[in-house]
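Student: Quick one, fold the following:
(one chain, ligands or ions: 1)
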Amino acid sequence: MSENHRWMQRDLAVLWHPCTQMKDHEQLPLIPIRRAEGIWLEDFEGKRYLDAVSSWWVNVFGHANPRINARIRQQLEQLEHVMLAGFSHAPVIELSERLVQITPEGLSRVFYADNGSSGIEVALKMSYHYWRNLGQSEKKRFVTLTNSYHGETIAAMSVGDVPLFTDTYKPLLLDCFKVPSPDCYLRPEGVSWEEHSQALFVPMEQCLADHHHEIAAVIVEPLIQGAGGMRMYHPIYLKLLREACDRYGVHLIADEIAVGFGRTGTLFACEQAQISPDFMVLSKALTGGYLPMAAVLTTDQVYQAFYDDYSTLRAFLHSHTYTGNPLACAAALATLDIFAEDRVIERNQGLATHMRKATAHLSDHPHVAEVRQTGMVLAIELVQDKASKTPYPWQQRRGLAVYQHALERGALLRPLGNVVYFLPPYIITPEQIDFLAEVATEGIDRATQQKVQVAVSACAPDQFRDPG
Ligand SMILES: *Cc1c(COP(=O)(O)O)cnc(C)c1O
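Tutor: Predicted coordinates:
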């Protein structure tokens, strides 16, 4: 038995993997990774895979990055962890100062959680609690966009709208207002991204006009709806949303968990609309892909609404055990150093252009409806019929065939349903982008030429997809 296979068998005997129908692994091999360096993952038999999705969008400067490793090692010798209630430490103070400095103006307070979903819970609770502290406890509902994703915990799922992830749990969820997404994929022919996103603001404006007295906050993924299939929209929408939230007295929560730290071409996506949200949630690339941590930034106005004598019971009594872990803070500080020292955002412009050119030919593919890009995210939407943008039946799992082909060729290209995307670490080279483009093209050719026989179950809704 091969080394990989041995590890796989031990794994499958005891583990339950995230976002996975475990029965798939009767056919689909599980890949045990022994080590990783730079953009490459290496399995137990020495086969290498180019990490084209940054290990679920977290890794920005490569695996085993010497600078991040050194900083964590140094911290490890000093302090591995201390509780953050009543205690503090240098890395968390330094990181908070720097986050306040680099995020949009007005965000001056940092609260920590230990993963993205928990960060979303913090923002939702803080927003509701803010209005309550002001004597407006009727403001308790949230507005979200269709096709949005904000995480897996119950409230985070409530403000999400990817049916595959949420439908099962509907009876458990909060009742939110859902407003059509400004997603430009389905814009009418001849209409620009800007015109389309602007036109889609009308229902949001209407929702706020009708219900602002009971709304605490609007939550959005700025510019890219990630788990919803890398659907993209124009910054104009965020600009209009910020103005409307101010006019109606509603908070704006920017979930930059996936898009923060340079992914959209600017350090934060909100910069492209020149707005500051009332809450900004960061995670994923925050620690360079090393350790789980989330940061929720908010304004002095929000902070002051909680600041009072203990007996008024206005405090935000929320905690996660590993809040502000020093090792995670050290990884984040090293990551921020690299952004500051290496002119990453500028260099990424060249890489983004290269990604566009390397995949331009796919626009003409008979089963590609769109190749779209925002900064360092490039997405290729596969369809059954190009003219009408009719999707493949989800049961055919065409994207999965691309994934399998890419693995054979040595690339990790895990798609979102029928959306194949590149979301690489920023250390990728132009040659590696060419390799990815070649692998993706071959994979898409194979996947779309395949004759697939699937029994389509009558009870399965069409909008279901393969998980990311
Ligand atoms: C990944 C993600 C989350 C959830 O973060 P976890 O750390 O997986 O809980 C929330 N929002 C967005 C936009 C994400 O991409």
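
Student: ok, Arg10 - how many residues close by?
Tutor: The number of residues packed near Arg10 is 11, by other CB atoms under 10 Å. Backbone N, C-alpha and C define where each C-beta goes, glycine included.

Student: Tell me the pLDDT of it.
Tutor: Here the pLDDT value assigned to Arg10 is 98.

Student: would you say it is within a helix?
Tutor: Yes: inclusion of Arg10 in a helix is indicated when DSSP: H, G, I helix; E, B strand; the rest coil is applied.

Student: So which bits of the stretch 51-200 of the chain are right by the ligand?
Tutor: Listed as neighbours of the ligand in the stretch 51-200 of the chain under the rule CB under 6 Å from any ligand atom: 115-117, 120, 149-152.

Student: What is the nearest of these to Val439?
Tutor: In terms of CB to CB, no member of those lies closer to Val439 than Tyr149, at 26.3 Å.

Student: and the closest one, which of the three is it?
Tutor: Under three-state DSSP, Tyr149 falls in the coil class.

Student: Make sure it is actually in contact with Gly160.
Tutor: Yes: contact between Tyr149 and Gly160 holds when scored by CB atoms under 8 Å: they sit 4.9 Å apart.

Student: neighbours of the residue nearest to Ser55 when sequence neighbours are not counted, just the number please.
Tutor: With CB to CB, 6 or more residues apart in numbering as the criterion, Ser55 has its nearest non-adjacent residue at 6.0 Å, and that residue is Gly289. Other residues near Gly289 number 23, with proximity taken as other CB under 10 Å.

Student: what's the answer for Arg71, then?
Tutor: Arg71 sits with 23 neighbouring residues when counted by other CB under 10 Å.

Student: Enumerate every residue touching it.
Tutor: Taking CB atoms under 8 Å, 6 or more residues apart in numbering as the criterion, Arg71 is in contact with 330-331, 333-334, 337.

Student: buried ones in the one helix or strand it maps to?
Tutor: Arg71 is part of helix 66-78, with elements assigned from DSSP states H and E. For helix 66-78, burial by neighbour count (16 or more other CB atoms under 10 Å) applies to 68, 71-72, 75.

Student: residues from the stretch 201-350 of the chain in reach of the ligand?
Tutor: Counting by CB under 6 Å from any ligand atom, the positions of the stretch 201-350 of the chain adjacent to the ligand are 221, 226-227, 255, 257-258, 283.

Student: closest to Leu79 among these?
Tutor: Closest approach to Leu79 among these (CB to CB): Ser283, at 22.2 Å.

Student: show me what contacts that closest one?
Tutor: Under the criterion of CB under 8 Å, 6+ apart, the contact list for Ser283 reads 115-116, 119, 257, 292-295.

Student: For the closest residue to the ligand within the stretch 51-200 of the chain, the count of nearby residues, please.
Tutor: Per CB to the nearest ligand atom, Gly116 is where the stretch 51-200 of the chain lies closest to the ligand, at 2.1 Å. Residues contacting Gly116 under the criterion other CB under 10 Å number 26.

Student: ok so, going back, please identify, among the contacts of Arg71, the one with the most neighbours.
Tutor: For the contacts of Arg71, counting by other CB under 10 Å, the largest number of neighbours falls to Ala330: 28 neighbours.

Student: where does Leu164 land on pLDDT?
Tutor: The model reports Leu164 with a pLDDT of 84.

Student: which other helices and strands contact the helix or strand where it lies?
Tutor: Using DSSP H and E, Leu164 maps to helix 163-166. Helix 163-166 makes packing contacts with helix 154-158 when contacts are defined by 3 or more CB pairs under 8 Å, 6 or more residues apart in numbering; DSSP states H and E.

Student: quick one: the helix it packs on to chain centroid distance?
Tutor: Going by CA atoms, centre = their mean, to the nearest Å, the spacing between the C-alpha centre of helix 154-158 and its chain's C-alpha centre is 15 Å.
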